[in-house]
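Chemist: whatever this is, show me its structure:
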Amino acid sequence: MNAKKWIATFAVATLSTTAMTGMAWAFQEAPMLAEMVAAGQLPAVDERLPTHPTVVEALEVGQYGGSWHRAYSGPGDRWGPTKLMEERVLKWTADASGEAVLKPGFIESYSVNDSSTEFTFTLLDGLKWSDGAPVTTEDVKFWYNDVFLNSEIVPNIDPTFAPGGVPLTLDVKDERTFTIKFAQPYVYFLQILAKDSTGEPSLDRPSFLFPKHYLSQYNDHYASADELAAAAKKFGVATWKDLWGSKGVVTGWWNNPDLPVLTAWHVETPAPAETVTMVRNPYYYAVDQAGNQLPYIDRIEHRLFQDPETLNLMVAQGQIDMQARYMGLDNYTFYKENEARGGYHVVTGRDSNVWSIVPNMTVKDEGLAALFQNVDFRHAMSAAVDREAIIELTQSGLAFPIQTAPVNGSPYYNADLANHWTEYNPEEADTLLDTAGLTERDSAGFRLRPDGQRLSLTIEANDAAHAKTLELLAGMFADVGIELLPRVIDRTQWDNNRDNNDFQLQWIPFDRLTYVPADPRLMLGSQSYGTEYFKWYQTDGESGIAPPEGSAVSAMFAAWDRASQALTLEDANVAVNEMITDFVDAGYVIGVYGGGAVVNIVSDKMHNVQPDLVQDDIFRGIGIARTQQFWLSQE
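Modeler: Numbering: from 1, shown residues only. This next block holds a predicted model:
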């Protein structure tokens, strides 16, 4: 994926959006919906679809029906199912060659003015929520006035929606058309939309939209204090604000079957449950090239698993129809050996994650914070890691040693940055740790901190599948006098520890390393090495912790400010590359391996799963494969 290819395919996608509106269709629907129409439970398909639906070019026109079986790890595993079905005004999707391109979602057309300060969108005519209510700019105004600008729900507007510190503004033209305006050019806005939409406080994050007819009853601009208190009591939460957010019991689709959505499926049996089920949305706005309303698959069933061994057994017994999440390269040989037995085959993708050690720069332990902020200490941690050994022993030799930097294929890839500090050199690590002042050791050979305590670091992972990797890292760190204590915890606790500045080290798949400007926040410290720094940046110093004066992260904030206000894409990219270089040179995050294969377990009954796709959070993981066009053989 080079920069010219990305821009060229994006332009083609833009021009193709309006070409569909003049076409005439004879629409078809799933048998389960046809039965509901015949029973008088649903309007006819022509009345449910937009006048001119969005066309999703399926790899192969499929068959209707069936349940897609996959696994989930518990209530905290909400993002895996969410990525199967998120909707945006513009979506990253895979073209026939597997490249990532921007395609229109639930809009008829869009345009950008010459200065990239105004972005105009027109909703599909006849677009409907999953409960059949019409989608109009009333929902857009509700999102903007009552949610986005409501400090009770969104205390701090994300910098990606307020370049230069000035939030976007909304101008509604008519029932379907609206314009988003910025105070200065914003050349990356469409790519940001395709990744993160307009952000929290929801789970599936439909761009610029919230269902006013449903959510206004939980909004303080419409409901009284007594009504909001009653709603909080009904849903079993402390305050009405807990109804909102990606974990919210109302706006988290994962929790609320009544929430109207635009997605291809909506939840039927929510978490926590032994099996979470999702059922097709009868008002989904897209069709395939033959006029068949999507999705093809009736239901998705997510079965709870407790540990990696249980998941492997589900795979071997043919209980997984399609899944990449939790399928590790450490089990690649096992997956291949059991293909015939389980009635599946392995389809590989391209991994853009870099599995990394993330030190918390603002850890509450001031002694550790001083060490983590010392570049020699971070360099020593990186030099102590034998990446080749970890890859051989935990990744079946199918990944590559790499620093946390843009991956090969990214327009921002730089080989020097990708290889920064990746050489295994325990002697250099020893010297750097001595330079950092850690010259004294205890009777067990572990280094002593300046305050006399043993240098002991706790590293957290959220999946027991990484226990072996953490054990290997502990041995490597012990070789240079650092005690590393592995800890595997629940995903919800893992997230909370990071959000609450309550961890020392975490083991994470650092992503968003393909098209970096689509979401620079992880690199800028949010939900990673400097969450408190990012809070300070996001709130203009009102909360969080100020980064050290003259630090690389301060320079990175300034670089992103320049990028997000640049007059041209060329100038913006110069600033983004400066931000990336500062991040990698500082070594805030310590990359271990990446760039290998992504394992997709695909049932022999499942079709239209495209191989060799790049898996990145920017593209919303498997969402790039257009899951609504997956289909299951019904023989």
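
Chemist: how about the helices in the stretch 1-150 of the chain?
Modeler: 3-16, 31-38, 45-48, 79-83, 137-141 (DSSP state H, counting those that start in this stretch).

Chemist: ranking those by mean pLDDT, which is last?
Modeler: Out of these, helix 3-16 stands lowest, with a mean of 35 (criterion: mean pLDDT).

Chemist: which stretch of helix or strand covers the residue nearest to residue 334 when sequence neighbours are not counted?
Modeler: Leaving out its chain neighbours, the residue that sits closest to residue 334 by CB to CB, 6 or more residues apart in numbering is residue 312, at 6.3 Å. Using the backbone N, CA and C atoms, a C-beta is placed for each residue, glycine as well. Element membership for residue 312, per DSSP states H and E: helix 308-316.

Chemist: the residue nearest to residue 334 against residue 337, yeah?
Modeler: No. Using CB atoms under 8 Å, residue 312 is not in contact with residue 337; the gap is 11.2 Å.

Chemist: among the two, which residue is more densely surrounded?
Modeler: More crowded of residue 312 and residue 337, by other CB atoms under 10 Å: residue 312, with 19 against 12.

Chemist: and the gap between the more buried one and residue 332?
Modeler: With distances taken as CB to CB, to the nearest Å, residue 312 is found 12 Å from residue 332.

Chemist: so who does the closest residue to residue 352 other than its chain neighbours touch?
Modeler: Spatially, and ignoring its direct neighbours in sequence, residue 352 is nearest to residue 616 (4.0 Å; CB to CB, 6+ apart). When contacts are counted by CB atoms under 8 Å, 6 or more residues apart in numbering, residue 616 touches 352-353, 511-514.

Chemist: mind pulling up the pLDDT for residue 616?
Modeler: pLDDT, residue 616: 91.

Chemist: now stretch 445-463: how far from the chain's centre is it?
Modeler: Relative to its parent chain, stretch 445-463 has a centroid offset of 31 Å by CA atoms, centre = their mean, to the nearest Å.

Chemist: enumerate the positions of that stretch that are buried.
Modeler: Along stretch 445-463, these residues count as buried under the neighbour rule (16 or more other CB atoms under 10 Å): 446-447, 449, 455, 457, 459-463.

Chemist: and the least confident of these?
Modeler: Within the buried residues of stretch 445-463, residue 463 has the lowest pLDDT, namely 89.

Chemist: where does the prediction get shaky in this protein?
Modeler: 1-25 (pLDDT under 70).

Chemist: sheet partners, orientation included, of the helix or strand hosting residue 602?
Modeler: According to DSSP H and E, residue 602 maps onto strand 597-603. As defined by DSSP bridges, the strand partners of strand 597-603 come to strand 322-323 (antiparallel), strand 344-351 (antiparallel).

Chemist: can you say which of those is packed in most?
Modeler: Counting by mean count of other CB atoms under 10 Å, strand 322-323 has the highest mean neighbour count of the strands paired with strand 597-603, with a mean of 26.

Chemist: I would like the residues contacting that one, please.
Modeler: 68, 70-71, 600-603, 606, 609, 630.

Chemist: what about that strand, distance to the chain center?
Modeler: 17 Å.

Chemist: tell me the helix or strand right after it.
Modeler: helix 332-337.

Chemist: residues of stretch 169-185 that come out buried?
Modeler: 170, 176-178, 180, 182, 185.

Chemist: hmm, I typed the wrong one, I wanted stretch 268-281.
Modeler: 270-271, 276-281.

Chemist: sorry, back to before: list the helices and strands the helix holding residue 312 packs on?
Modeler: Where contact means 3 or more CB pairs under 8 Å, 6 or more residues apart in numbering; DSSP states H and E, helix 308-316 is packed against helix 332-337, helix 339-342.

Chemist: tell me what the nearest residue to residue 597 once chain neighbours are set aside is bridged to.
Modeler: Of all residues not flanking residue 597 in the chain, residue 348 sits nearest, at 4.2 Å (CB to CB, 6+ apart). Beta-bridge pairing for residue 348 (DSSP bridges): residue 599.

Chemist: same check on the one 10 residues further on?
Modeler: The residues paired with residue 358 through beta bridges, assigned by DSSP bridges, are residue 506.

Chemist: how about it, what does it touch?
Modeler: Residue 358 neighbours (CB under 8 Å, 6+ apart): 505-508, 510, 528-529, 589-590.

Chemist: name the residues of the longest helix seen in the chain that are buried.
Modeler: Longest helix of the chain, by residue count under DSSP state H: helix 569-586. For helix 569-586, burial by neighbour count (16+ other CB under 10 Å) applies to 569, 572-573, 575-584, 586.

Chemist: select, out of the strands paired with strand 597-603, the one closest to residue 560.
Modeler: strand 344-351 (25.6 Å; CB to CB).

Chemist: residues contacting that closest one, please?
Modeler: With CB under 8 Å, 6+ apart as the criterion, strand 344-351 contacts 315, 318, 320, 324, 332, 335-336, 339, 399, 409, 594-604, 609, 611-615.

Chemist: try it again with 6 Å
Modeler: For strand 344-351, the external contacting residues (CB atoms under 6 Å, 6 or more residues apart in numbering) are 335, 339, 596-603, 609, 611, 613-615.

Chemist: filter those residues to the buried ones?
Modeler: Buried among the contacts of strand 344-351 (16+ other CB under 10 Å): 335, 339, 596-603, 609, 613-615.
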